[in-house]
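**Student:** Build the 3D model from these lines:
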Amino acid sequence: MTGTPSVAAWGIYTFRLEPDGRMRVPSASAGLTDLFVVDLDVLRQDVASMFARVPAEDMPGMLAAVKESARTLSAFHHEFRIVQPDGRVRWVEARTLAPERTDDGGVLWQGVCQDVTDRHAARSRLAAAHDLTRLVISQAPISIAIFDREMRYLAVSKRWVSDYGGGLEDLVGRRHYDVARDLPAHWRAAHQAGLEGHTTTVDEEAWQDAAGRTHWLRWAVHPWRGEDGAIAGIIVFAEDVTARRDAEKARRESEERLAAIID
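**Tutor:** Sure thing, here's the model as predicted:
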């Protein structure tokens with residue numbers, strides 16, 4: 001999907017399915033004929049020249065959508081690729097009003113066809129960025145979980161799954177409070193504060209795991225915002241600092257013993 005934009009970004013048209021199954025375009029703006037690089041006089045007889053621009057692997061889905069729209073007389077909406085004569089690949093979005101059945105048994109649509117290549121590329125980049133984010137979070141050495149506003153898991157690190165997953169391997173899509181039913185009230189309060197735009201950070205807090213072992217945690221709750229700037233959920237970070245705390249305690253005890261020996 002490279003190259004300069006096509007001549008036209010969009011065009012309007014009428015599309016007709018004849019009773020014998022033939023398809024044609026009785027009328028269209030210059031925008032549509034420029035986008036597909038086809039001749040309107042030819043389209044008035046048959047859409048074959050326009051459909052020839054669509055890759056073979058995209059045709060079944062498009063034709064199925066046309067037939068379903070004709071069967072139910074519901075609005076048509078479909079995205080597909082076209083290959084222009086110079087080899088440029090464009091993504092096209094076609095939308096119509098609900099079609100009308102004609103007196104002779106045909107079906108007639110009125111719609112708009114738009115070049116959405118840039119939008120599709122941006123969507124693909126965003127999806128790739130999301131996949132990369134999930135990968136980074138999954139492999140993080142500390143416990144990380146991203147939640148939406150309903151506290152459903154969107155992404156989670158492997159460390160979080162092992163520490164707080166309740167024995168479940170797949171947490172994405174589950175509600176956190178259904179997985180961890182006995183959360184302390186102040187943790188829930190921190191979650192709610194995050195959904196209201198506030199950050200909570202705790203350096204050390206005792207926590208007991210399912211086996212009854214006591215761990216010391218450093219944790220934080222941060223809000224995150226969607227594309228519209230509104231708070232879309234929270235990110236929770238948790239790090240088990242028990243080993244570090246025990247090491248510091250052992251160091252202090254060693255220093256105290258050494259001081260006592262010197263004295």
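**Student:** Report the separation between the residue lying closest to Glu204 once chain neighbours are set aside and Ala189.
**Tutor:** Across the structure, with C-beta to C-beta, 6 or more residues apart in numbering as the measure, the residue nearest Glu204 apart from its sequence neighbours is Trp216 (5.4 Å). Placement of C-beta: from N, CA and C, glycine included. As for Trp216, its distance to Ala189 is 20 Å (criterion: C-beta to C-beta, to the nearest Å).
**Student:** And the strands in the protein, which stretches?
**Tutor:** 10-17, 23-28, 77-83, 89-96, 100-101, 107-115, 143-148, 153-156, 200-208, 214-225, 231-240 (DSSP state E).
**Student:** With distance to Pro55, mean pLDDT and mean neighbour count added, can I get those in TSV?
**Tutor:** Written out in TSV, the entries for the strands of the chain read as follows (distance: least, C-beta to C-beta, whole Å; pLDDT from 0 to 100; neighbours: other C-beta atoms under 10 Å):
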stretch	distance to Pro55	mean pLDDT	mean neighbour count
strand 10-17	20	92	19
strand 23-28	18	95	18
strand 77-83	6	94	17
strand 89-96	8	93	19
strand 100-101	30	94	12
strand 107-115	16	94	19
strand 143-148	36	90	21
strand 153-156	33	88	21
strand 200-208	52	87	13
strand 214-225	38	90	16
strand 231-240	36	91	19
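**Student:** Now that we have the ones you listed, can you turn them into a markdown table and tack on distance to Glu248?
**Tutor:** Formatted as a markdown table, the entries for these read as follows, by distance: least, C-beta to C-beta, whole Å:
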| stretch | distance to Glu248 |
| --- | --- |
| strand 10-17 | 66 |
| strand 23-28 | 76 |
| strand 77-83 | 58 |
| strand 89-96 | 58 |
| strand 100-101 | 78 |
| strand 107-115 | 62 |
| strand 143-148 | 21 |
| strand 153-156 | 29 |
| strand 200-208 | 11 |
| strand 214-225 | 11 |
| strand 231-240 | 14 |
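**Student:** Nearest to Phe51, out of the ones you listed?
**Tutor:** strand 23-28 (8.1 Å; C-beta to C-beta).
**Student:** what packs against that closest one?
**Tutor:** If contacts are counted by 3 or more C-beta pairs under 8 Å, 6 or more residues apart in numbering; DSSP states H and E, strand 23-28 sits against strand 10-17, helix 40-43.
**Student:** quick one, which of the ones you listed is nearest to Glu256?
**Tutor:** Between Glu256 and these, the shortest separation by C-beta to C-beta is 78.2 Å, and it involves strand 10-17.
**Student:** returning to that earlier point: okay, the helices and strands packed on strand 23-28 in CSV with distance to Ser49 next?
**Tutor:** As requested, those are arranged in CSV below (distance: least, C-beta to C-beta, whole Å):
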stretch, distance to Ser49
strand 10-17, 14
helix 40-43, 5
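**Student:** these two touch, right, Gln208 and Trp216?
**Tutor:** No: using C-beta atoms under 8 Å as the test, Gln208 is too far from Trp216 to be in contact (10.9 Å).
**Student:** returning to that earlier point: nearest to Ala230, out of the helices and strands packed on strand 23-28?
**Tutor:** Distances from Ala230 to each of the helices and strands packed on strand 23-28 were compared by C-beta to C-beta, and the smallest falls on strand 10-17, at 30.0 Å.
**Student:** Give the other helices and strands that the closest one contacts.
**Tutor:** Packing contacts for strand 10-17, counted by 3+ C-beta pairs under 8 Å, 6+ apart, involve strand 23-28, helix 30-36, strand 107-115.
**Student:** Using JSON lines, lay out those together with distance to Gly166.
**Tutor:** Formatted as JSON lines, the entries for the helices and strands packed on strand 10-17 read as follows, by distance: least, C-beta to C-beta, whole Å:
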{"stretch": "strand 23-28", "distance to Gly166": "55"}
{"stretch": "helix 30-36", "distance to Gly166": "53"}
{"stretch": "strand 107-115", "distance to Gly166": "47"}
